[in-house]
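J.: Quick check, what structure comes out for this input:
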Amino acid sequence: MSDSFDLPSFDLGEPPQPAKPEAYRVLARKYRPQNFAQLIGQDAMVTTLGNAIKRGRLAHAFLLTGVRGVGKTSTARLIAKALNCVGPDGQGGPTIDPCGVCEPCRAIAEGRHIDVIEIDAASNNGVDNVREMTEAVRYAAVSARYKMYIIDEVHMMSKPAFNALLKTLEEPPAHVKFLLATTEVDKVPVTVLSRCQRFDLRRIGADKLAAHFAEVCRLEGVEAEPEALALIARAAEGSARDGLSILDQAIAHAGIEGGGVRADTVRDMLGLSDRGATRALFGLLLAGDGRGALGALRRQYDLGVDPLAVLRALLEATHGVTLAKLGTPTDAAQSAEERAAIADWAETLSFAALHRLWQLLLKGHDEVARAALPIEATEMALLRVIYAASLPDPGQLVRQLSSGDHTANAAPPAPTPASAAPAATQAAPATLDSFDAVLALIDRAQRVGLAEKLRFTARLVRFEPGNIVLSSAKPVPSELVRDLGDALRELTGTVWRVALEDVPGAPTVREAEAAARANELDGVKRTPVVAAALQAFPDAEITGWDLNKRSEA
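T.: Predicted structure coming up:
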């Protein structure tokens, strides 16, 4: 007989399982529009669809086209919701404002509605796939009001597949609606286009994108600088999805203790050129400072900025100055400093100079895009921009060739005898003993544009008869040196040397006049009568005075 005993039993149950963290959804999916009010930048399309639904004039096929990320697939799903919504009480009909709470709305939003079939034409582009679809079209919807076929990237279907779809697309059953989406509408056969109601979804403006990103950051609890959001909006190029993807990356780049999304981190992340650095480089190009321009370019290159991005930024600056010269409204995303600089350049640069600058930069951009040595090619392109400013414009070149002057820009021309100069404009260099005398001569010749440029922008460094040196420490019009030299040669019959130096010069004529007037005003204010009047009337303003008469206040 053996002793036996039973061990006590314990009910251990199931071992505890760690809670699974919820899978992260990228911002582009998390903030996909759930109703037409959240669809930004497509007001015209929403209005058309709303009116069609109200009047019961619904097309059987819709074609949505536009660049990537503007909301083509989202719009198709919203149309499916709008046509199949039954309202919270289950008694509603088609509406431009789907409730989002009924079973059809929730099922479509979650991508599980049996009667809303999404087809990727990139992988289902054969005639057999279309034949299966046309066979299923004959059967009524299971639970929805309409059976919806959303065909994404429809332009990737084969020609036989398009042909197989034509008859069904033209005369589908009453319970079927087709929603076609494409980024390349030119690849869709015209036979398909003629059977659809077409909506061209527009690129979303940078201001609307920036406002949308600000709202997303608020919902996510992330701080973001307005300038950073403006940079992301520009980089998105009208695509909400691209912008949200960049914003997602910027939030991750900022880190947990990064202080939010900042403009400098976004610029570094995207490899963008600093707009302040771009303005400085643009000013150096206009001033003809080759050494300074190459140094500024290298500093940006050392920070990781792509040379092509630098040229694109310079092209954008040229375009912005041209628009400002035309008087178009300013970009709200521009800083006050940027608007002031653009306005100054627009006032001093001519349309001809801006056009030439655009062509030179565009040619340089194309060369750098295919260059084996991008940074070296960019340097050569910038030097070409600088030294092309000294070349004669086509009109001047024609005049030189017509007059038999074939030495233009080959070597400095020999001095022209005084007898060869026109009698009305002949003046020996020695008679022009000051810069003021030069301005007076240009005024007498009625060169109004050149005279105003000189008065507003020319800062004199040195003056000698036949030799003028101006300061390039602040931007000057690129054509000023050439135009002044040509005018003096024409008016005096003698070659004048006009050059720029990167040193501070004397104040411009307008600045000197303003300073003199300010000094006069101070003197007027110190006179006993005016001082007493200002003390008695503190809000009084001096509008004019005559030092030879009694002061007026």
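
J.: switch to C-alpha atoms for all contacts and neighbour counts from now on
T.: Fine.

J.: can you give me the strands for the stretch 101-250 of the chain?
T.: 116-120, 147-152, 176-182, 197-200 (DSSP state E, counting those that start in this stretch).

J.: chain center to the shortest one, what's the gap?
T.: Averaged C-alpha coordinates place strand 197-200 at 27 Å from its chain's average position (CA atoms, centre = their mean, to the nearest Å).

J.: just the third one next, same as before
T.: Taking CA atoms, centre = their mean, one finds the center of strand 176-182 at 33 Å from the center of the full chain.

J.: Tabulate the strands of the stretch 101-250 of the chain (a markdown table), appending mean neighbour count, distance to residue 287 and mean pLDDT.
T.: Listed next are the strands of the stretch 101-250 of the chain as a markdown table, based on neighbours: other CA atoms under 10 Å; distance: least, CA to CA, whole Å; pLDDT from 0 to 100:
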| stretch | mean neighbour count | distance to residue 287 | mean pLDDT |
| --- | --- | --- | --- |
| strand 116-120 | 18 | 55 | 91 |
| strand 147-152 | 24 | 52 | 92 |
| strand 176-182 | 24 | 48 | 92 |
| strand 197-200 | 16 | 45 | 90 |
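
J.: Residue 361 is nearest to which of those strands?
T.: Closest to residue 361 of the strands of the stretch 101-250 of the chain, according to CA to CA: strand 197-200, at 32.5 Å.

J.: Would you mind measuring from residue 38 to residue 313?
T.: Counting by CA to CA, to the nearest Å, the separation of residue 38 from residue 313 is 32 Å.

J.: Compare neighbour counts for those two and give me the winner.
T.: Taking other CA atoms under 10 Å, residue 38 and residue 313 do not tie; residue 313 has more neighbours (20 against 11).

J.: got a list of what residue 152 touches?
T.: Residues in contact with residue 152 (CA atoms under 8 Å, 6 or more residues apart in numbering) are 73, 118-122, 180-182.

J.: Mean confidence (pLDDT) on stretch 100-110, please.
T.: Taken as a whole, stretch 100-110 carries a mean pLDDT of 89.

J.: again with stretch 502-520
T.: The model assigns stretch 502-520 a mean pLDDT of 82.

J.: And for it, what's in contact with it?
T.: Under CA under 8 Å, 6+ apart, the answer for stretch 502-520 is 289, 454-461, 470-473.

J.: in that stretch, what counts as buried?
T.: 502, 505, 507-509 (16 or more other CA atoms under 10 Å).

J.: nearest to residue 140, of those?
T.: residue 502 (80.0 Å).

J.: if I look at the closest one, how far off is residue 293?
T.: In terms of CA to CA, residue 502 sits 12 Å off from residue 293.

J.: next one: residue 64
T.: As judged by CA to CA, residue 64 and residue 293 stand 47 Å apart.

J.: so what's residue 236 up against?
T.: 242-243, 246 are the contacts of residue 236 under CA under 8 Å, 6+ apart.

J.: Let me have these in a markdown table, adding neighbour count, pLDDT and distance to residue 136 as columns.
T.: Below are the contacts of residue 236 laid out as a markdown table (neighbours: other CA atoms under 10 Å; pLDDT from 0 to 100; distance: CA to CA, whole Å):
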| residue | neighbour count | pLDDT | distance to residue 136 |
| --- | --- | --- | --- |
| 242 | 19 | 87 | 36 |
| 243 | 27 | 88 | 38 |
| 246 | 22 | 88 | 40 |
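
J.: Now the phi/psi pair for residue 85, please.
T.: phi -70, psi 140 (degrees, to the nearest 10).

J.: Residue 222 now?
T.: phi -120, psi 130.

J.: For it, grab the count of nearby residues.
T.: 15.

J.: mind checking pLDDT for it?
T.: On the pLDDT scale, residue 222 gets 87.

J.: who are the neighbours in contact with residue 360?
T.: 381, 384-385.

J.: Can you tell me the SS state at it?
T.: Under DSSP: H, G, I helix; E, B strand; the rest coil, the three-state class of residue 360 is helix.

J.: Begin at 59, not 1, for the rest of this chat.
T.: In the new numbering, first residue 59, that becomes residue 418.

J.: Centre of the chain to stretch 521-541, how far?
T.: In terms of CA atoms, centre = their mean, the centre of stretch 521-541 is set 33 Å apart from its chain centre.

J.: rewinding a little: now the buried residues of stretch 560-578 in JSON lines, please, with extra columns for secondary structure.
T.: JSON lines is the format used below for the buried residues of stretch 560-578 (three-state DSSP):
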{"residue": "560", "secondary structure": "coil"}
{"residue": "563", "secondary structure": "coil"}
{"residue": "565", "secondary structure": "coil"}
{"residue": "566", "secondary structure": "coil"}
{"residue": "567", "secondary structure": "helix"}
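
J.: So which elements touch the host helix or strand of residue 544?
T.: Using DSSP states H and E, residue 544 maps to helix 538-550. Here helix 538-550 touches helix 506-515, strand 555-559, going by 3 or more CA pairs under 8 Å, 6 or more residues apart in numbering; DSSP states H and E.

J.: Tabulate these (CSV), appending distance to residue 140 and mean neighbour count.
T.: Below are the helices and strands packed on helix 538-550 laid out as CSV (distance: least, CA to CA, whole Å; neighbours: other CA atoms under 10 Å):
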stretch, distance to residue 140, mean neighbour count
helix 506-515, 62, 17
strand 555-559, 67, 18
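
J.: Rebuild those as a markdown table, extending it with distance to residue 498.
T.: A markdown table is the format used below for these (distance: least, CA to CA, whole Å):
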| stretch | distance to residue 498 |
| --- | --- |
| helix 506-515 | 9 |
| strand 555-559 | 17 |
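
J.: for the contacts of residue 418, which one is nearest residue 218?
T.: Distances from residue 218 to the contacts of residue 418, taken by CA to CA, are shortest for residue 439, at 49.7 Å.

J.: The closest one contacts residue 422, correct?
T.: Yes - Residue 439 is within contact range of residue 422, at 5.1 Å (criterion: CA atoms under 8 Å).
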